[in-house]
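Q: sequence first, then the predicted structure, then my questions.
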Amino acid sequence: RKEVEQDPGPFNVPEGATVAFNCTYSNSASQSFFWYRQDCRKEPKLLMSVYSSGNEDGRFTAQLNRASQYISLLIRDSKLSDSATYLCVVNIFGNEKLTFGTGTRLTIIP
Amino acid sequence: DAGITQSPRHKVTETGTPVTLRCHQTENHRYMYWYRQDPGHGLRLIHYSYGVKDTDKGEVSDGYSVSRSKTEDFLLTLESATSSQTSVYFCAISDGDPRTSPLHFGNGTRLTVT
């Protein structure tokens, strides 16, 4: 099993819709979680950290489910500019660094 | 955006030649990292540095070496480039614990080894 696993998609979603995707991680002792977005041929950029109690930033909501070992990202009222690849990043216990998922591609359709 | 500059942005080189990629930061962050990104693999850590002259290997370090002689510069060298090293290379920085602090990336170097 991969340490960090994401559905690669693509998710094709109409503009204005709500979309959610998950990321599962293998080590129950993982402590740090992030979502990054990456536009085509660009560098990854931090979207938001994921806190135990869940957190929201505008149209974006991140949640952590420790019992089932996954984090989720919910995007409400999706915009064309939300089209990107979303990377899940987790600190795997025992590793000194962060581990990246392979990403979920999202396309918002007009 | 964090002040990170990678050079060159694009490079084409032949198998067997040495190649050096440069990462320069203006943020005075302690930690610097080199990643490669390939389809189906996501971002994989090559080497990282936790201070001047302090470096360590990541998960895919074979065939690569690094040097950090100044806080602001982190160099990645491919001693003898191979076609399997064709990839997009990203430098990243962070100012805190590597296990918990988010990373900020440079805009990448596209390397093609023919």
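A: Arrived safely, thanks for sending.
Q: which residues of chain B lie near chain A?
A: Proximity of chain B to chain A, by C-beta under 8 Å from any C-beta of the partner chain, involves residues B:33, B:40-45, B:48, B:58, B:90, B:98-100, B:102-108. All C-beta spots, glycine's among them, are computed from the backbone N, C-alpha and C.
Q: which element follows the helix or strand of chain A with the lowest mean pLDDT toward the C-terminus?
A: Sorting the helices and strands of chain A by mean pLDDT, DSSP states H and E puts strand A:98-100 at the bottom, at a mean of 90. Next along the chain after strand A:98-100, taking DSSP states H and E as the criterion, comes strand A:104-109.
Q: what ranges do the strands span in chain A?
A: A:4-6, A:11-14, A:19-25, A:33-38, A:44-49, A:55-57, A:60-65, A:70-75, A:84-91, A:98-100, A:104-109 (DSSP state E).
Q: which residues does the residue lying closest to residue B:54 once chain neighbours are set aside contact?
A: Of all residues not flanking residue B:54 in the chain, residue B:68 sits nearest, at 7.4 Å (C-beta to C-beta, 6 or more residues apart in numbering or on different chains). Shown in contact with residue B:68 (C-beta atoms under 8 Å, 6 or more residues apart in numbering or on different chains): B:32, B:49, B:51, B:52, B:53, B:54, B:55, B:74, B:75.
Q: give me that answer again for 6 Å
A: Each residue near residue B:68 by C-beta atoms under 6 Å, 6 or more residues apart in numbering or on different chains is listed here: B:49, B:52, B:74.
Q: tilt between the host helix or strand of the first one and strand A:44-49?
A: Right, the one you point to is residue B:49. Element membership of residue B:49, judged by DSSP H and E, is strand B:42-51. Strand B:42-51 runs at 90 degrees relative to strand A:44-49, counting by axes from the mean of the first three to the mean of the last three C-alpha atoms, to 10 degrees.
Q: partner strands of strand B:42-51, with direction?
A: Here strand B:42-51 has these sheet partners by DSSP bridges: strand B:31-38 (antiparallel), strand B:54-57 (antiparallel).
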